[in-house]
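Novice: Sequence unavailable; structure follows:
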């Protein structure tokens, strides 16, 4: 995040230095715009992965997972540890992070979530809060308290599109995010596993009666959510340093994206996340570099007043 | 005689007197003086949690904006007393009224949204407030943090740490009494009916939006009171304090302690804030793990005691009675 802000600031300075030449200026406006959009798509895909991870848990376990960011942070630390301390290749380290995400996801489901069937819905969210505390407590014991660095997956190389620069890593992030999400949606819509997940999401009890192994589905959902989390974490890490709070910002925007998109569909939050990614950067650059994010939140709040269930949400009519 | 003992108001006052003994015990050397700060802080957080308990327990609405409003009040009070040199009484009133008005404004806009949507909408409000704390240097001193002094009552009585502690306890008991009265009066009945069935209560003439708004305003007011007390008891305020984690901690307190229970809220605040400091850090091996243990405690309580720990006492009593009778 900080890094993209820095780039934006530099671009702004660059733009003002050229402003006396009209032709250059026009080219510059276009290229800056493209640059901002590309950056937004990159952050958008990070938010979208996190938002998807939250909605998968919500739909299968009926829990708003506040610990999503914390668990993603922990797994990002695992990647950083594998890379820095053990000296493993970054790609293999990322793979290690994915394995640990799957294991932790399964562990969370087996140890905690499986035993919460009778718990009050509000109390379930508090359970994820307890998990945040556990993760935040354990992480410094294992990985220490110093901020660590994690390099990009693709170290160097820039691509120039109409005068706008984007690193290969940025393009990789955008494409890989889309690929992962596209793959998940294909699985959700076209395969038998997807059918099981969707039927669990729409009514767990009926799904169970129809022979869907809902327990396994829920466990799988936690594992997949963990993997999505660590991918977004590895994408975020090079922009800042790996600390206990690396995912806070992503988590917040992902939660707001889920609300913006609505809790009823799988694709809504993803769309919401890209809207937030693009809207936020546009406001930061063309509006106010300090208040851009806040203005966006206010706009979303106003939007929610008119559509209280989000972009794609439907009002559930209760019978008396 | 029995009537007097069973009088709930008396219980609150008695509790206040017991809590007020702590500084004396500390002076006598029976307790560490640092406990005073921890306990005072716990009571302050309990006040904000009580407000949230009205909102969540009685009207079933979740707010994640408690920390933002609390921080807003804290900064206001610090600004009024330190920069504008207003008397403490005036600044406490202003610092409570302004956030409450803001809360009503937010409530008017956002109470049409329900459930988890409302929670995250209030979270967005809280984040906007937090950003304001970071950016408005002249008012909040930015990241370096704002300092405040112990309160001076009526312009003459300068309180020290113990004095402020008494003040906090007094306010806590007053807030508990107020909550007890409100929740056993018309408002509490209306909110209870709403929670049972919105349609039925509407049919009985309860205005849903009005009552939700009142509950939301009360929650904000309590948070503001807690914020003012916090900044004058702890004497500093940083933007990072007023984050999502604090709001989540308030939720944890009322769920652990027990929804719709005044004593439960206090118990919850004690478990979430004081137990890691007072008990777990004393045990050598556990000192690093206090945060972890607290997390485990929260999960265990929710899974095995979903109604809140405050019901443990009645259950225990019943169990003992059963045991005694069974032996006979």
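Specialist: Right, received. Where do you want to start? Keep in mind that what you see is a predicted model, and the values were worked out from it rather than measured.

Novice: which stretches of chain A form strands?
Specialist: If DSSP state E is used as the criterion, the strands of chain A fall at A:158-161, A:164-167.

Novice: And those strands: which comes nearest chain B?
Specialist: Between chain B and the strands of chain A, the tightest spacing by C-beta to the nearest C-beta is seen for strand A:164-167, at 28.1 Å. Just so you know, the C-beta spots here come from the backbone N, C-alpha and C atoms, and that holds for glycine as well.

Novice: hey, least reliable of the strands of chain A by pLDDT?
Specialist: Lowest mean pLDDT of these: strand A:158-161, a mean of 74.

Novice: partners of it in the sheet?
Specialist: Strand pairing for strand A:158-161, determined by DSSP bridges: strand A:164-167 (antiparallel).

Novice: which one of the strands of chain A is the most hemmed in?
Specialist: For these, the largest average neighbour count (mean count of other C-beta atoms under 10 Å in any protein chain shown) is found in strand A:164-167, namely a mean of 18.

Novice: That one: how far from the chain's middle?
Specialist: Taking the mean of its C-alpha atoms, strand A:164-167 sits 22 Å from the chain's own mean (C-alpha atoms, centre = their mean, to the nearest Å).

Novice: Same question for stretch B:30-38.
Specialist: Remark: stretch B:30-38 is offset 20 Å from the chain centroid, using C-alpha atoms, centre = their mean.

Novice: Show me what counts as buried in it.
Specialist: In terms of neighbour count (16 or more other C-beta atoms under 10 Å in any protein chain shown), stretch B:30-38 has its buried residues at B:31, B:35, B:36, B:38.

Novice: so what does the helix ranked longest in chain B touch, helix or strand wise?
Specialist: Counting residues, the longest helix in chain B under DSSP state H turns out to be helix B:208-234. Where contact means 3 or more C-beta pairs under 8 Å, 6 or more residues apart in numbering or on different chains; DSSP states H and E, helix B:208-234 is packed against helix B:34-53, helix B:59, helix B:66-78, helix B:88-110, helix B:161-183, helix B:186-196, helix B:198-203.

Novice: repeat that with 7 Å
Specialist: Helix B:208-234 is packed against helix B:34-53, helix B:59, helix B:66-78, helix B:88-110, helix B:161-183, helix B:186-196, with contacts defined by 3 or more C-beta pairs under 7 Å, 6 or more residues apart in numbering or on different chains; DSSP states H and E.

Novice: so for that helix, what's the average pLDDT?
Specialist: pLDDT averaged over helix B:208-234 equals 90, rounded to a whole number.

Novice: what does stretch B:103-112 give?
Specialist: Confidence for stretch B:103-112, expressed as mean pLDDT, is 82.

Novice: Assign the residue of the stretch 201-328 of chain B found nearest chain A to helix, strand or coil.
Specialist: Going by C-beta to the nearest C-beta, chain A is nearest to residue B:295 of the stretch 201-328 of chain B, at 3.1 Å. Residue B:295 falls in the helix class when you classify it by DSSP: H, G, I helix; E, B strand; the rest coil.

Novice: show me the contacts for it.
Specialist: For residue B:295, the set of contacting residues under the criterion of C-beta atoms under 7 Å, 6 or more residues apart in numbering or on different chains consists of A:130, A:131, A:133, A:134, A:137.

Novice: I'd like the residues you listed as a markdown table, with pLDDT appended.
Specialist: Listed next are the contacts of residue B:295 as a markdown table, based on pLDDT from 0 to 100:
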| residue | pLDDT |
| --- | --- |
| A:130 | 84 |
| A:131 | 88 |
| A:133 | 83 |
| A:134 | 88 |
| A:137 | 83 |
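
Novice: about what we covered before: tell me the gap between the helix or strand just after the longest helix of chain B and the middle of its chain.
Specialist: With elements assigned by DSSP states H and E, the helix or strand that comes after helix B:208-234 is strand B:236-237. Relative to the centre of its chain, strand B:236-237 is centred 18 Å away, using C-alpha atoms, centre = their mean.

Novice: Could you do stretch A:275-291 as well?
Specialist: 18 Å.

Novice: Residue B:277: neighbouring residues, count only.
Specialist: For residue B:277, the count of nearby residues is 17 (other C-beta atoms under 10 Å in any protein chain shown).

Novice: What of residue A:213?
Specialist: Residues near residue A:213, counting by other C-beta under 10 Å, number 13.

Novice: burial of the nearest residue to it once chain neighbours are set aside, as a residue count?
Specialist: Setting aside the residues directly before and after it, residue A:213 is nearest to residue A:196 in space (C-beta to C-beta, 6 or more residues apart in numbering or on different chains), at 7.2 Å. The burial metric for residue A:196, expressed as a neighbour count using other C-beta under 10 Å, is 20.

Novice: now residue B:179
Specialist: A total of 22 residues lie near residue B:179 under the criterion other C-beta under 10 Å.

Novice: now swap in residue A:94 and tell me
Specialist: 23.

Novice: for it, what are its contacts?
Specialist: Contact criterion C-beta under 7 Å, 6+ apart gives A:79, A:153, A:234 as the residues in contact with residue A:94.

Novice: Between those residues, which sits nearest chain B?
Specialist: Here the nearest of these to chain B, counting by C-beta to the nearest C-beta, is residue A:79; it sits at 21.9 Å.

Novice: ok, the closest one touching residue A:234?
Specialist: Yes - with contact taken as C-beta atoms under 7 Å, residue A:79 and residue A:234 are classed as touching, separated by 5.7 Å.

Novice: Please enumerate the shared neighbours of these two.
Specialist: With C-beta under 7 Å, 6+ apart applied, the overlap between the contact sets of residue A:79 and residue A:234 consists of A:94, A:97.

Novice: which residues of chain B score low on pLDDT?
Specialist: Within chain B, the ranges that satisfy pLDDT under 70 run B:1-2, B:114, B:155-156, B:280-288, B:290, B:327-328.

Novice: residues from it in reach of chain A?
Specialist: B:56, B:62, B:109-110, B:112-114, B:116-117, B:120-121, B:123-124, B:127-128, B:131, B:135, B:199, B:244, B:248, B:251-252, B:255, B:288-289, B:291-292, B:294-296, B:298-299, B:302-303, B:306 (C-beta under 7 Å from any C-beta of the partner chain).

Novice: Hmm, residue A:214 is touching residue A:205, no?
Specialist: No - counting by C-beta under 7 Å, residue A:205 is not a contact partner of residue A:214; they are 8.7 Å apart.

Novice: Tell me which of these two has more neighbours.
Specialist: residue A:214 (21 against 9).

Novice: so how far is residue B:190 from residue A:65?
Specialist: Residue A:65 sits 34 Å away from residue B:190, taking C-beta to C-beta, to the nearest Å as the criterion.

Novice: just residue A:93 next, same as before
Specialist: According to C-beta to C-beta, residue A:93 and residue B:190 sit 58 Å apart.

Novice: Show the buried residues in the contacts of residue A:94.
Specialist: Applying the neighbour count, that is 16+ other C-beta under 10 Å, the buried entries in the contacts of residue A:94 are A:79, A:153, A:234.

Novice: For the first one, which non-adjacent residue is closest in space?
Specialist: For residue A:79, the nearest residue in space outside its immediate sequence neighbours is residue A:97; the separation is 3.7 Å by C-beta to C-beta, 6+ apart.

Novice: Tell me how many other residues surround the one you found.
Specialist: Residue A:97 has 28 neighbours, counted by other C-beta under 10 Å.
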